[in-house]
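In: For reference, the sequence and a predicted model appear below.
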Amino acid sequence: MLSVYPSEIQYQQHLNHSPIRPMPHRQPDVSLGYASMSASRASKAAVAQQHQAQQDAAVAQALEIARESPDGASDPTVSTILEQALQQIWRKVESQPDSYIMSRDEFAVFNFFQHRFNGNKMAVTARKRYWDHTRVEC
């Protein structure tokens, strides 16, 4: 940007030779920040889904071992996996006692431990809700 006024020409020349130059005012480009955050969230969600899928597979395998083998349920690893799964399922039922509907896999674990819930009205209701919901989908 050249000017016809001598004072502005001198000022421009001073700026060109000065070791400290004023920085032009620019708006930060936040679109990259949002895109990066979105990609990061998507990546974390993908990792969480993969982790959940691995947990679900481990629970299904442990349940199969416990059902098929006489000693399967007493195996410490199998027992730990199934106990943790049951605790998670029961927390969900307790947090939504009138509305939570177990998934098919959750119900399989819950049903394996049904003897623990004899006489528990919340468990009976949760089991009934599962079957009512399953019948509707068929």
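Out: Sure thing, it's come through.

In: Mind checking which residue lies nearest the centre of this protein?
Out: Ala48 (4.7 Å; CA atoms, centre = their mean).

In: Need the contact partners of the helix or strand hosting Val78.
Out: Using DSSP states H and E, Val78 sits within helix 76-95. Helix 76-95 is touched from outside by 58-59, 62-63, 65-66, 72-73, 100, 102, 106, 109-110, 112-113, 122-123, 126, with contacts defined as CB atoms under 8 Å, 6 or more residues apart in numbering. For glycine as for every other residue, the C-beta is placed from the backbone atoms N, C-alpha and C.

In: In this protein, where is pLDDT below threshold?
Out: Low-confidence segments of the chain (pLDDT under 70): 1-37, 136-138.

In: Tell me where this structure has helices.
Out: 6-17, 30-68, 76-95, 104-112, 121-137 (DSSP state H).

In: buried set for the shortest one?
Out: Using 16 or more other CB atoms under 10 Å as the test for burial, helix 104-112 gives 106-110, 112.

In: how far out from the middle of the chain is it?
Out: Taking the mean of its C-alpha atoms, helix 104-112 sits 21 Å from the chain's own mean (CA atoms, centre = their mean, to the nearest Å).

In: Packing partners of that helix?
Out: helix 30-68, helix 76-95, helix 121-137 (3 or more CB pairs under 8 Å, 6 or more residues apart in numbering; DSSP states H and E).

In: Just name the most buried of those.
Out: Between the helices and strands packed on helix 104-112, the one whose residues have the most neighbours on average, counting mean count of other CB atoms under 10 Å, is helix 76-95 (a mean of 16).

In: Give me the angle between the helix holding Val78 and helix 104-112.
Out: Angle, helix 76-95 to helix 104-112, by axes from the mean of the first three to the mean of the last three CA atoms, to 10 degrees: 100 degrees.

In: Okay, angle between helix 76-95 and helix 30-68 too, please.
Out: Computed by the same axes, to 10 degrees, the angle separating helix 76-95 from helix 30-68 equals 120 degrees.

In: Could I get the CA-only coordinates of stretch 114-128 as PDB?
Out: Backbone C-alpha positions of stretch 114-128 (Å, rounded to 0.1, in the frame of the first residue of the first chain) are rendered in PDB as follows:
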ATOM      1  CA  GLN A 114     -31.600 -65.400  38.600                       C
ATOM      2  CA  HIS A 115     -31.300 -67.500  41.800                       C
ATOM      3  CA  ARG A 116     -29.800 -64.500  43.600                       C
ATOM      4  CA  PHE A 117     -32.900 -62.400  42.900                       C
ATOM      5  CA  ASN A 118     -35.600 -64.800  44.200                       C
ATOM      6  CA  GLY A 119     -38.300 -62.700  45.700                       C
ATOM      7  CA  ASN A 120     -36.800 -59.300  44.600                       C
ATOM      8  CA  LYS A 121     -39.700 -57.400  43.100                       C
ATOM      9  CA  MET A 122     -37.400 -55.000  41.200                       C
ATOM     10  CA  ALA A 123     -35.700 -58.000  39.500                       C
ATOM     11  CA  VAL A 124     -39.100 -59.600  38.700                       C
ATOM     12  CA  THR A 125     -40.300 -56.400  37.200                       C
ATOM     13  CA  ALA A 126     -37.100 -55.900  35.200                       C
ATOM     14  CA  ARG A 127     -37.300 -59.500  33.900                       C
ATOM     15  CA  LYS A 128     -41.000 -59.000  32.900                       C
END
